[in-house]
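Colleague: Need a 3D model of the sequence below.
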Amino acid sequence: MAKLHPQTGPVTDTGKETSSRNAITHGGTSEKLIVPGERQEDFDALLQDLLIEHSPESPGARNLVEDAALARWFLWRRQRAFNAVESALYAAQPDPALWPPEAFHKLALLDRYKSAAERSLNRVFQRLASLHRAKKQQAQSKLAIARATVALDQLDREQWKKACQ
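Modeller: Sure, this is the predicted structure:
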């Protein structure tokens, strides 16, 4: 069966790259790591700060820290998009009572994007906190075992001394 509307899109790499940016108006929903107005160096600095703060010891822990960096990066992007639209609305009309309904719809939509990003960031940080708790419990268990071993060794020495006397 032939397509009713055959898709004709870009065929060159340059055309495909240009076309991939068609939907970017504010970047609030873009899943690309870097959109216009952002710098790779800023993301790298954020990731480094989180890696230093959380000191992941396993590949899984490092993946969680990287997820946290991405979630925070996307939250910041969505916050900037919300702020930009809100600022533009206030610049065009300082009195929100005179804004058209579309303006409130756009703000509400951007607020939902921002809320979703906040939830994503919170989930990642909850997983990181859970990982830290598990690591702390493991360290406490090792310490308890070491203390019990020392106490048993001390008891054995005392019993040996009594037996030798």
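Colleague: which helices and strands does the one helix or strand A139 maps to pack with?
Modeller: Assigned by DSSP states H and E, A139 belongs to helix 101-164. The helices and strands touching helix 101-164, judged by 3 or more CB pairs under 8 Å, 6 or more residues apart in numbering; DSSP states H and E, are helix 59-92. The C-beta positions use only the backbone N, C-alpha and C, and glycine is treated the same way.
Colleague: Please identify the buried residues of the helix it packs on?
Modeller: Neighbour-count burial for helix 59-92, counted by 16 or more other CB atoms under 10 Å, picks out 61, 64-65, 67-82, 85-86, 89.
Colleague: Pick out the residue nearest the middle of the protein.
Modeller: The residue lying closest to the centre of the chain (CA atoms, centre = their mean) is A71, at 2.2 Å.
Colleague: Just to check, that one is in contact with R119?
Modeller: No. A71 lies out of contact with R119 (CB atoms under 8 Å); the separation is 9.2 Å.
Colleague: returning to what we had before: can you read off the pLDDT for the residue nearest to the centre of the chain?
Modeller: Looking at A71, its pLDDT reads 96.
Colleague: Could you list which residues are in contact with it?
Modeller: 117, 120-121, 123-124 (CB atoms under 8 Å, 6 or more residues apart in numbering).
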